[in-house]
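Undergrad: my questions concern the predicted model and sequence given below.
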Amino acid sequence: MVEQVISENWGRLVYLGLLLVAVGGYFMLEIRHRPGRTLQQAAIWGLIFLGTLAAVGLWSDIQKQVTVPEQAVMSDGRIEVPQAQDGHYYLTAEVNGKPVRFVVDTGASQIVLTQRDAERAGIDTGQLAYVGQARTANGLVATAPVRLQSFDLGPIHDSNLRAVVNRGSMDTSLLGMTYLTRFAKVEFARGTLILER
């Protein structure tokens, strides 16, 4: 097996070497006859190559930003959420009348708001008492308990919900188990999250 891997790598190295000799030889001949034009074309191809590398490197980030699927809300109190490219499920709810994007997190016990989302929902984060703690992948973070006057997810309305505001760094607010357990049905089926009241 090791010999096969070495053989494959050697074959690739020989191929790349021959390709480099062919392209390099052509480039050297052209630069002798038309140096200005050849250098200009080499610069253009270099920029195209770098642009392609940058696009490939950023593609996963672009997909996360652009192709996060929207929730499908049904009139009978059933919500179907398609799985996003990154494997998570995202929902947009109105918190105190303001839209807030959440990632559904069955590992979180509560509704957890980022500082930015809490402020958007009209919560004065500077006046909060960060007396709680939450264990995250980044270690312990301070949290402050809050009450959400209204929480609307499609046709489903809740009021006076408990939540916490996270003092740590978070990209997206979390929709944890205290909210999910309000549903009669929470099901993950073939890349779709189904919520029913």
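TA: Thanks, I have it. Residues are numbered from 1 along each chain as shown.

Undergrad: ok, longest strand in the protein?
TA: strand 139-153 (DSSP state E).

Undergrad: tell me the buried residues in it?
TA: Using 16 or more other CB atoms under 10 Å as the test for burial, strand 139-153 gives 141, 142, 143, 144, 146, 148, 150, 151, 153. Every C-beta, even on glycine, is put in place using the N, C-alpha and C of the backbone.

Undergrad: got it, and stretch 95-103?
TA: Of the residues in stretch 95-103, 95, 100, 102, 103 count as buried by neighbour count, 16+ other CB under 10 Å.

Undergrad: quick one: the helices in the protein, in order.
TA: Using DSSP state H, the helices of the chain run over 2-33, 35-66, 115-120, 177-180.

Undergrad: for residue 166, find the nearest of the ones you listed.
TA: Counting by CB to CB, residue 166 lies closest to helix 115-120 out of the helices of the chain; the figure is 7.2 Å.

Undergrad: give the other helices and strands that the closest one contacts.
TA: Applying 3 or more CB pairs under 8 Å, 6 or more residues apart in numbering; DSSP states H and E, we find helix 115-120 packed against strand 98-104, strand 156-166.

Undergrad: try 6 Å
TA: Helices and strands touching helix 115-120, by 3 or more CB pairs under 6 Å, 6 or more residues apart in numbering; DSSP states H and E: there are none.

Undergrad: please work out which residues outside that helix touch it.
TA: Contacting residues not belonging to helix 115-120 are listed as 98, 100, 125, 165, 173 [CB atoms under 6 Å, 6 or more residues apart in numbering].

Undergrad: wait, which of the residues you listed is closest to residue 12?
TA: For these, the closest approach to residue 12 (CB to CB) belongs to residue 173, at 46.9 Å.

Undergrad: ok, that closest one - contacts?
TA: Residues in contact with residue 173 (CB under 6 Å, 6+ apart) are 100, 102, 113, 114, 117.

Undergrad: tell me the two of those that are most distant?
TA: It's 102 and 114 that sit farthest apart of these, by CB to CB, at 10.0 Å.

Undergrad: re the thing from before, any chance of the buried residues of stretch 95-103 in a markdown table, with pLDDT and distance to residue 18 too?
TA: Output for the buried residues of stretch 95-103, formatted as a markdown table (pLDDT from 0 to 100; distance: CB to CB, whole Å):
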| residue | pLDDT | distance to residue 18 |
| --- | --- | --- |
| 95 | 97 | 62 |
| 100 | 96 | 57 |
| 102 | 95 | 54 |
| 103 | 95 | 49 |
